[in-house]
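S.K.: Provide a 3D model corresponding to the input given below.
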Amino acid sequence: MQDIFPPNHQPANHQPDEAIKLMSHCPVCHYNYNPFEAKVIEENAGAHLLHIKCRRCQSSILAMIMTSNFGISSVGMVTDLDGIEISRLKDLSEVDSDDVLNVYEILNKDEINSWLA
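M.R.: Numbering: from 1, shown residues only. I've put the predicted structure just below:
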């Protein structure tokens, strides 16, 4: 497992809670997260995908924490997915325009069939 701080920005104690300091509380109920409960879903050089679930309101955050020579940045979103679902879904293929058109055609066929019945 790689450190999530750039070499020139690492804290002396390398505590994992430093990695999610930017997201230290739940955006829904403002309860403080326990940083040791964050689950690393995936990691690449300089980027970590984390899942954090609030103990109080049970909402979850999916966050991408990225490091560079300029420091640490993050982006997160509230989700109802749990860590297992995210792990399973992250490796699925992308939805492309053909997929959207196929669903549209199926829905239109079902709609026409229901009108004829």
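S.K.: by mean pLDDT, flag the weakest helix or strand of the protein.
M.R.: Per-element confidence for the chain was summarised using mean pLDDT, DSSP states H and E. The lowest value among helices and strands belongs to helix 97-116, with a mean of 80.
S.K.: now the helix or strand residue 49 falls within: average pLDDT?
M.R.: With the criterion set as DSSP states H and E, the secondary-structure element containing residue 49 is strand 47-53. Computed over strand 47-53, the mean pLDDT rounds to 90.
S.K.: and that strand, what does it pack against?
M.R.: Here strand 47-53 is seen to pack against strand 39-44, strand 60-68, helix 83-89 when contacts are counted using 3 or more CB pairs under 8 Å, 6 or more residues apart in numbering; DSSP states H and E. Heads up, the C-betas are built off the backbone N, CA and C, glycines and all.
S.K.: quick one: buried residues of that strand?
M.R.: Of the residues in strand 47-53, those scored as buried under the neighbour-count criterion (16 or more other CB atoms under 10 Å) are 48, 49, 50, 51, 52, 53.
S.K.: again with stretch 82-93
M.R.: By neighbour count, with 16+ other CB under 10 Å as the criterion, the buried positions of stretch 82-93 are 83, 86.
S.K.: ok, stretch 52-63 next?
M.R.: For stretch 52-63, burial by neighbour count (16+ other CB under 10 Å) applies to 52, 53, 54, 59, 60, 61, 62, 63.
S.K.: out of those residues, which comes closest to residue 91?
M.R.: Top of the list for closeness to residue 91, among these and by CB to CB, is residue 62 at 14.9 Å.
S.K.: just the pLDDT at the closest one, thanks.
M.R.: For residue 62, the pLDDT comes out at 91.
S.K.: residue 14 too?
M.R.: With respect to pLDDT, residue 14 has a value of 41.
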